[in-house]
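[1] sequence below, structure please.
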Amino acid sequence: MAGIDAVIVGAGSGTRLGFSTPKAFVDLCGKPVVYYSLKTFVNHPSIDKTILVVPPTMVEEATVIINKYGDFVDRVSILAGGNERWESVRNGCAKSRGEWVLVHDAARPFVTKGVIDAVLEKRDDFDCVITATPVVDTIRTVAANGRCGAAVDRSTLMRVGTPQLFRRELLIPAFELIKDMPSAPTDEAALFERLGIAVGYSWGDAMNFKITDKSDFETAKAVITANCVEG
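    Numbers count the residues shown, from 1 in each chain. Coordinates of the predicted model:
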């Protein structure tokens, strides 16, 4: 199997959660948020190296925090991110040596081995594979004057998540093209799409949600408290 590394992006702030601590290091039932996804990637048999990208001011503190857990000692590389998400991913990929790179949001603590496996299974078909979940709600457009617009066929829609898989030799030079684009892409899959590279997908798990606001955080605590996730 070709080498596969994981880049966990934990450079986001925790302000929307009401914390001054970066989101990845907010305490979630006795452990930092990032602990849960790190454990899954570090223990995955197909992943050679796990790289955690954090705010520049958090590198030393993150190293101390992560080294508290025996699972991670000498198994996780920690480095500084950039001002934008794509810069943090770029820094992580530069540290990688694998043919493939899995990029994952630290704020998605409940990723599973099965979700990772599903993405990896598509690497023979695409140079980029995203994790997605079906849209289950009815979706409508917004019309004028407070009225609803037309209903959208939800069978043609999906929610995009992580992990996302990239062929590293294509991703590294692609970052250099962003400076010439009118706006930065929302993620690396969008970058590949702009460059005309086909993006595949695998179905993920609705439990692999992203902690964005306080309600997400409370849901994550409830999941762990209910013993659905082993800490």
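
[2] which strands and helices sit next to the helix or strand containing residue 163?
    Residue 163 is part of strand 158-167, with elements assigned from DSSP states H and E. Here strand 158-167 touches strand 100-105, helix 113-120, strand 128-134, helix 188-194, going by 3 or more CB pairs under 8 Å, 6 or more residues apart in numbering; DSSP states H and E. C-beta coordinates here come from the backbone N, C-alpha and C atoms, glycine included.

[3] what does that strand rub up against?
    Identification of contacts with strand 158-167 by CB atoms under 8 Å, 6 or more residues apart in numbering yields 6, 93, 99-105, 108, 111, 115-116, 119-120, 122-123, 127-135, 187-189, 192, 201, 204, 208-210.

[4] what's the first helix or strand after the helix or strand encompassing residue 50?
    Assigned by DSSP H and E, residue 50 falls within strand 49-54. Heading C-terminal from strand 49-54, the first helix or strand you meet, by DSSP H and E, is helix 59-66.

[5] quick one: average confidence on that next one?
    Helix 59-66 shows a mean pLDDT of 90 in the predicted model.

[6] for it, which helices and strands make contact with it?
    If contacts are counted by 3+ CB pairs under 8 Å, 6+ apart, helix 59-66 sits against strand 49-54, strand 76-80.

[7] tell me how far residue 127 lies from residue 226.
    39 Å (CB to CB, to the nearest Å).

[8] which one's more surrounded, those two?
    Comparing residue 127 with residue 226 by other CB atoms under 10 Å, the one with more neighbours is residue 127, at 18 against 8.

[9] show the pLDDT at the nearest residue to the more buried one once chain neighbours are set aside.
    Leaving aside its chain neighbours, residue 127 sits nearest to residue 167 (4.3 Å; criterion: CB to CB, 6 or more residues apart in numbering). Per-residue confidence (pLDDT) for residue 167: 97.
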